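Student: Just to be clear, the model below is a prediction. Sequence and coordinates:
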Amino acid sequence: MFRNNFKSHFIFTRSEQGGIVFLSCLLLMLMGIHYYLNFQETASWTFEDEQLRALQKEMDSLRCVKSEQQKPTLYPFNPNFISQYKAYTLGMSGDQFFALQQFRDENNWIRSKSQFQKITGVDSIWLDSIGPYFRFPTWERKTKNKPKTRSFSELSFHEKTDLNNATAEELQKISGIGTVLSQRIVDYREKLDGFSDDSQLYFVYGLDAKVVDETLKQFTVKTPKEIKKMNVNIVSASDIATIPGISFELAKKIWEYVRLRDGIEDVSELTKFEELSTRQFGLIKLYLSANE
């Protein structure tokens with residue numbers, strides 16, 4: 001019985017046999033197509049394609065244009081007054097900026113591109129790029145080539161003219177002081193409401209230290225203005241910055257120096273502060289004290 005049932009599975013009608021033959025032929029045909037034809041897709045372009053290279057070049061060009069547009073516009077400027085932020089945008093290092101700042105804190109002036117490079121240590125590539133924007137005032141350029149003039153002999157204190165009463169015309173007898181600088185001295189004196197000490201003359205804008213030395217041989221402060229001193233142990237950096245000739249950056253460093261030491265007992269301790277020049281100390285001691 002089992003044998004008969006098994007044979008019944010292999011007995012087909014004529015139409016079933018035709019269908020089997022048709023399906024077999026179809027299967028063989030599909031296998032042949034799969035064997036002889038490659039259905040793997042091929043890329044329509046490669047990285048070597050000219051159009052792709054042209055497109056990539058255009059994208060790179062647009063990126064460069066955008067990068068240039070985002071750069072800050074550079075205008076002519078006096079390098080003596082570069083701020084820390086401007087130095088950063090110009091690509092100067094911190095050491096280069098602080099070298100410039102220290103040079104300026106000594107009341108010195110940079111008068112040429114070569115001197116700027118010598119003081120700061122910037123490389124020639126940087127100088128060739130930024131140097132053309134340097135603009136030095138006329139008085140700075142002329143001072144460099146100014147011929148040497150005779151020096152006055154120093155007068156006694158009683159023979160000297162009181163700096164607080166001197167006129168612009170009287171100041172002009174000093175070699176190196178013309179109409180502009182003499183008026184600037186008078187204006188600075190009025191801003192201070194009178195000089196308190198000879199050292200304040202060194203902080204007149206544009207007045208060379210050697211010219212000041214010659215001036216003080218003929219002039220001195222005989223009627224000093226009284227200054228109410230501030231206690232350096234309790235004042236803020238902003239208060240210190242009100243001292244004429246002291247920048248806020250330097251005032252902040254002085255304030256931090258005092259705070260790190262929990263206060264100082266005498267203003268003379270500030271002479272140990274390396275970033276403070278002797279001339280600057282002579283100025284701030286007129287305005288600061290360490291006592292209540």
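Tutor: In hand now; what should we look at? Numbering: from 1, shown residues only.
Student: Pass me the low-pLDDT residue ranges in the chain, would you?
Tutor: Along the chain, the model assigns pLDDT under 70 to residues 1-12, 37-49, 64-74, 137-152, 292.
Student: would you list every one of the strands in it?
Tutor: Per DSSP state E, the chain carries strands over the ranges 161-162, 219-220, 230-231, 288-289.
Student: export those strands to TSV and tack on mean neighbour count?
Tutor: C-beta here means a position set from N, CA and C on the backbone, and glycine is covered the same way. Output for the strands of the chain, formatted as TSV (neighbours: other CB atoms under 10 Å):
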stretch	mean neighbour count
strand 161-162	14
strand 219-220	24
strand 230-231	16
strand 288-289	20
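Student: Backbone dihedrals for Phe157, both of them.
Tutor: Per-residue torsions, Phe157: phi -60, psi -40 (degrees, to the nearest 10).
Student: any idea how far Thr220 is from it?
Tutor: 6 Å (CB to CB, to the nearest Å).
Student: now swap in Lys285 and tell me
Tutor: On the measure of CB to CB, Lys285 and Thr220 end up 18 Å apart.
Student: Wait, Val204 touches Gln183, no?
Tutor: No. Counting by CB atoms under 8 Å, Val204 stays clear of Gln183, with 10.6 Å between them.
Student: between these two, who's got more neighbours?
Tutor: Shown here are Val204 and Gln183; by other CB atoms under 10 Å, Val204 has more neighbours (22 against 14).
Student: Give the closest residue to that one in space, chain neighbours not counted.
Tutor: Tyr188 (4.9 Å; CB to CB, 6 or more residues apart in numbering).
Student: ok, now which ones touch the one you found?
Tutor: 200, 203-205, 244 (CB atoms under 8 Å, 6 or more residues apart in numbering).
Student: And for Ile185?
Tutor: Counted by CB under 8 Å, 6+ apart, Ile185 has contacts 168, 171, 177, 201, 204, 207.
Student: you'd agree the fourth one is up against Leu163?
Tutor: Yes. In this structure, Leu201 is within contact of Leu163 by CB under 8 Å, at 7.0 Å.
Student: Common neighbours of the two, please.
Tutor: Residues within reach of Leu201 and of Leu163 at once, by CB under 8 Å, 6+ apart, are Phe195.
Student: Mind naming the longest helix for the protein?
Tutor: helix 14-36 (DSSP state H).
Student: chain center to it, what's the gap?
Tutor: Helix 14-36 sits 83 Å away from the centroid of its parent chain (CA atoms, centre = their mean, to the nearest Å).
Student: do the same with stretch 94-112
Tutor: Worked out by CA atoms, centre = their mean, stretch 94-112 lies 13 Å from the chain centre.
Student: Pull the residues that contact that stretch.
Tutor: By CB under 8 Å, 6+ apart, stretch 94-112 touches 79-80, 82, 84, 87-88, 116, 119-122, 136, 140-141, 143-144, 202-203, 208-209, 249-250, 275-277, 279-280.
Student: Kindly report the same for stretch 196-206.
Tutor: Residues from elsewhere that reach stretch 196-206, judged by CB under 8 Å, 6+ apart: 107, 137, 139-140, 163, 180-181, 184-185, 188, 192, 195, 207, 209, 212, 215-216, 220-221, 224-227, 244-245, 279, 282-283, 286.
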